[in-house]
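J.: Whatever this is, show me its structure:
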Amino acid sequence: MTEDQAKLDEKAARDARSRDRMPSGRRNVSISPFRRIIVRSLKFVLPLIAMTLMALVVLWPQIEEVQESGFRVGFSTSPEDLMENVAMSNPRFFGVDGNRQPFTVTAQEAVESKAEDGHDDHVYLDAPQADMTLKDGSWIALTANEGFYTETDGLLDLVGAVNMYHDNGFELHTQKAEVEMNEGNARGSVPVDGQGPFGTINSDSGFELENKGKVIRFLGNAKMVIFDSALKGKS
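T.: Take a look at the predicted model:
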């Protein structure tokens, strides 16, 4: 045996003795594929995080300048803005007048508007209808194309094809009217046409109605036509 071969055999024997002295767990160590993937991913993720942090450090002064100049990121609509114009379908408002008689105001749609310039909140009404009950159980009904209702004082402004019907058969037709629901009064300042069991009447300057129709005054130039049947009934 040569000297070189003897040295190789001696080294192999030492390595074998070293392996025998190692714990069995370390001799059979294996790395799972999942752990290997994590290690490889961290090699890319960690440098990316470091670069991002460095960029923030460099750009932070510029970001502060933009914020101080008034730029803000946020919602374009706040809850107050959302509540500014609230729309309601088929709304119903209930109340009682000074004599504790009920009344209702309804519409196809209502849009609430916030108070401005010291005025109370009011509601825009599409196709409004108001109903008032009298002490004797009779009623008055009002309709219009549009209206504005102020619930705090029971004021109803009607616009466009305003019609008023009384249970006793009397009716009024005009284009504008202001109704005090709490008092049972109404008035208008534009031409008005009326009709009832006695005949017809029209006025070029409006009308005034008090106490739910107990008193009606026609303003300006008024013209009345009395039916023959009404005259015969009085004879």
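J.: right, and residue 205 touches residue 191 too?
T.: Yes. Taking contacts as CB atoms under 8 Å, residue 205 lies within contact range of residue 191: 7.5 Å. C-beta: built from backbone N, CA, C; applies to glycine.
J.: For those two, indicate the residue with more neighbours.
T.: residue 191 (17 against 14; other CB atoms under 10 Å).
J.: Can you mark which positions in the strand ranked longest in the chain are buried?
T.: Scanning the chain for the longest strand, with DSSP state E as the assignment, gives strand 155-166. Along strand 155-166, these residues count as buried under the neighbour rule (16 or more other CB atoms under 10 Å): 155, 156, 157, 158, 162, 164, 165, 166.
J.: what packs against the helix or strand where residue 110 lies?
T.: Element membership of residue 110 [criterion: DSSP states H and E] is strand 109-113. Under the contact criterion of 3 or more CB pairs under 8 Å, 6 or more residues apart in numbering; DSSP states H and E, strand 109-113 touches strand 86-89, strand 122-126.
J.: ok and it relative to strand 122-126, angle-wise?
T.: 160 degrees (axes from the mean of the first three to the mean of the last three CA atoms, to 10 degrees).
J.: May I have the strands that pair with strand 109-113, each with its orientation?
T.: strand 86-89 (antiparallel), strand 122-126 (antiparallel) (DSSP bridges).
J.: hmm, who's touching the longest one?
T.: Identification of contacts with strand 122-126 by CB atoms under 8 Å, 6 or more residues apart in numbering yields 91, 93, 105, 107-113, 146-151.
J.: which of these has the most neighbours?
T.: Busiest of the contacts of strand 122-126 [other CB under 10 Å] is residue 147, holding 27 neighbours.
J.: Columns mean neighbour count and mean pLDDT on top of the strands paired with strand 109-113, output as TSV?
T.: Formatted as TSV, the strands paired with strand 109-113 follow (neighbours: other CB atoms under 10 Å; pLDDT from 0 to 100):
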stretch	mean neighbour count	mean pLDDT
strand 86-89	11	83
strand 122-126	21	91
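J.: got those as TSV, with distance to residue 209 columns?
T.: Converted to TSV, the strands paired with strand 109-113 look like this (distance: least, CB to CB, whole Å):
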stretch	distance to residue 209
strand 86-89	29
strand 122-126	20
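J.: nearest to residue 139, of these?
T.: strand 122-126 (19.4 Å; CB to CB).
J.: Send me that closest one as PDB with only the CA atoms.
T.: The C-alpha coordinates for strand 122-126 follow below in PDB (Å, rounded to 0.1, in the frame of the first residue of the first chain):
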ATOM      1  CA  HIS A 122     -89.900  73.100   3.700                       C
ATOM      2  CA  VAL A 123     -90.700  70.200   1.500                       C
ATOM      3  CA  TYR A 124     -91.300  70.300  -2.200                       C
ATOM      4  CA  LEU A 125     -94.300  68.200  -3.200                       C
ATOM      5  CA  ASP A 126     -95.100  66.600  -6.500                       C
END
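J.: which one is residue 213 nearest to, not counting chain neighbours?
T.: Nearest residue to residue 213, sequence neighbours excluded (CB to CB, 6 or more residues apart in numbering): residue 166, at 5.2 Å.
J.: what about that neighbour, distance to residue 185?
T.: Residue 166 sits 14 Å away from residue 185, going by CB to CB, to the nearest Å.
J.: Could you do residue 169 as well?
T.: For residue 169, the distance to residue 185 - CB to CB - is 21 Å.
J.: try residue 178
T.: 9 Å.
J.: Comparing the two, which residue is more hemmed in?
T.: A count of neighbours by other CB under 10 Å puts residue 185 above the other of residue 178 and residue 185, at 17 against 14.
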